[in-house]
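**Q** Requesting a structural model of the entry that follows:
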Amino acid sequence: MYDTIIIGAGMSGLAAGIRLAHFNQRVCILERHSVIGGLNSFYRQGGREYDVGLHAVTNYTPKGSRRGPLTRLLRQLRIRWDELALAPQVGSEIAFRDARLRFSNDPELLASEIAQSFPSQKDGFCSLVASIADYDRLGTGGFATSARAEVARHISDPLLVEMLLCPLFFYGGAREHDMDLAQFFIMFRAIYLEGLARPLAGVRLILRKLADRFKSMGGELRLRACVDRIVVKDATAEKVVLEDGTELAARRILSSAGWHETMELCGPSHEARMIGGLSFVEGICVLDAEPRRLGHDRTIVFFNDSDRFEYRNPDGLVDLRSGVVCSPNNFVYDEPLAEGMIRLTALANYDRWASLDESDYRLAKLRCYDQVVASAVRFVPDFRSAVIATDLFTPKTITRYTGRQRGAIYGSPTKRHDGRTHLDNLFICGADQGLVGIIGTLISGIAIANQYLLE
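**A** Model prediction:
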């Protein structure tokens, strides 16, 4: 009998496991895949290791900072700042057809860019920042109010509204066209007021630190252990049954698999919530030169080819009107990466990808890669002549390796902020609890463990 079984060895599951093991709970984390990480993981291909999911760690604060989510979660996990070796971003950009705005880990840069490009909006932007700066609840509660409505209350220029929302939607939007106000406050602070960073070794370093810390405290981590169902008796989650028939009992169960996915494990009669419909393709380009040598000196570029940003499930396989260009090289490391790399992200339609047979699917991936790259080089220097290796994952890839239905990276558009379910001893954490991004996901696991599992 375990004190707690955790379904999923992603960031939130590992963080919760560390917190519980620290207080001498007997904890077992079950992971369906052969590697840890869930939506933020890595794989090896052609002698190279590729990150998936993580572009950057948000909520960055420098070493020695006493405030902010990063400082608090490191304290909760008993991890030193130096262990993550976070390097801050060089600087990023929002690139629309008719305007560009630079931003960095210094909030004053974005403010000055807005004052220069949108002088009539300077005071409104300051008012918006002031309303956000006081919000510090870390997503433990939610407001159904529209983020668009809140931004428009301060900023009257429609183009600036779209530009400010674009990065926040791409990095945390589970709803089409809009975002809950609580999520907006969190994402705005995370990206614009605190900033972005990355370990030299990428997501692998973070995951290995978490896994090593969990196991060093006596936690049990099982890979290739896919949960087939949760056995419910007398309104209590009694045990889990794995696909191989193994039965494991626990006093409490914490799932990071997603709300809908967790409810299905309990049986078809239980409450279901809307399955998220927003997913992405991501192309990975390995280069024979540093991106900066090719003229690309931005850490991340969020682009859109019109004045209106359409954040929705596209009609076709992929939406080529907008996207994200991330260069893992363009962080302030103490030493350079071994190779140049650029990662490209665009909105994609899971149903369209899932309808293809195997041969059409392979051909569509090749075409999609070329199309996404061609779309991106309208806004960044053309790097195609330097590409020496490529890969591309689709919404089907996300579902295959994470179990997330319809490839919904940010989960359900409606969140369960309190982490509770219809069963007294079954809880959820992660994206469907309402927190996304590396820091948000870690905080989710910690918060649910502290609130419900450390009695």
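
**Q** Next secondary structure after the lengthiest helix in the chain?
**A** Counting by DSSP state H, the longest helix found in the chain is helix 358-376. The first helix or strand that comes after helix 358-376 along the chain, using DSSP states H and E, is strand 387-393.

**Q** Check which residues of that next one are buried.
**A** Within strand 387-393, the residues that count as buried by 16 or more other CB atoms under 10 Å are 389, 391-393. Using the backbone N, CA and C atoms, a C-beta is placed for each residue, glycine as well.

**Q** Let's see it as PDB, backbone CA atoms only.
**A** Extracted C-alpha coordinates of strand 387-393, given in PDB (Å, rounded to 0.1, in the frame of the first residue of the first chain):
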ATOM      1  CA  VAL A 387      20.200  23.100 -42.300                       C
ATOM      2  CA  ILE A 388      22.000  19.800 -41.900                       C
ATOM      3  CA  ALA A 389      19.300  17.700 -40.100                       C
ATOM      4  CA  THR A 390      15.600  18.100 -39.400                       C
ATOM      5  CA  ASP A 391      12.700  16.500 -37.600                       C
ATOM      6  CA  LEU A 392       9.000  17.400 -37.100                       C
ATOM      7  CA  PHE A 393       6.400  16.200 -34.600                       C
END
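
**Q** Provide the strand pairings for that strand, with the direction of each partner.
**A** Here strand 387-393 has these sheet partners by DSSP bridges: strand 279-287 (antiparallel).

**Q** what residues go with each domain of this structure?
**A** 2-76+201-274+412-453, 103-194, 277-409 (automatic domain parsing).

**Q** my guess is Ala133 meets Phe188, correct?
**A** No. Counting by CB atoms under 8 Å, Ala133 sits too far from Phe188 to count as a contact (9.5 Å).

**Q** Between those two, which is the more surrounded one?
**A** Phe188 (25 against 13; other CB atoms under 10 Å).

**Q** State whether that one is indeed within a strand.
**A** No. Counting by DSSP: H, G, I helix; E, B strand; the rest coil, one finds Phe188 to be helix, located in no strand.

**Q** Hmm, Thr414 and Gly434 touching each other?
**A** No. Using CB under 8 Å, Gly434 is not in contact with Thr414; the gap is 9.7 Å.

**Q** overlap in contacts of the two?
**A** Residues touching both Gly434 and Thr414 (CB atoms under 8 Å, 6 or more residues apart in numbering): there are none.

**Q** on that earlier part again, tell me the mean pLDDT over the longest helix of the chain?
**A** What helix 358-376 shows for mean pLDDT is 97.

**Q** Can you give me the buried ones in that helix?
**A** Under the neighbour-count criterion of 16+ other CB under 10 Å, helix 358-376 has 364-365, 368-369, 371-373, 375-376 buried.

**Q** what about Arg97, neighbour count?
**A** Arg97, neighbours per other CB under 10 Å, totals 14.

**Q** can you pull the contacts of it?
**A** Counted by CB under 8 Å, 6+ apart, Arg97 has contacts 304-307.

**Q** Farthest pair within those?
**A** Asp305 and Asp307 (9.5 Å; CB to CB).

**Q** tell me, what's touching the two both at once?
**A** Common neighbours of Asp305 and Asp307 (criterion: CB under 8 Å, 6+ apart): 96-97.

**Q** Which stretches in the stretch 201-350 of the chain count as helices?
**A** Along the stretch 201-350 of the chain, counting by DSSP state H, counting those that start in this stretch, helices occupy 203-216, 259-266, 350-354.

**Q** Which one of these lies nearest to Asp98?
**A** helix 350-354 (30.2 Å).

**Q** hmm, who's touching the closest one?
**A** 277, 279, 316-317, 361, 364, 394-396, 399, 406-408.

**Q** Pull out the buried positions in that helix.
**A** Counting neighbours by 16+ other CB under 10 Å, helix 350-354 gives 350, 352-353 as buried.
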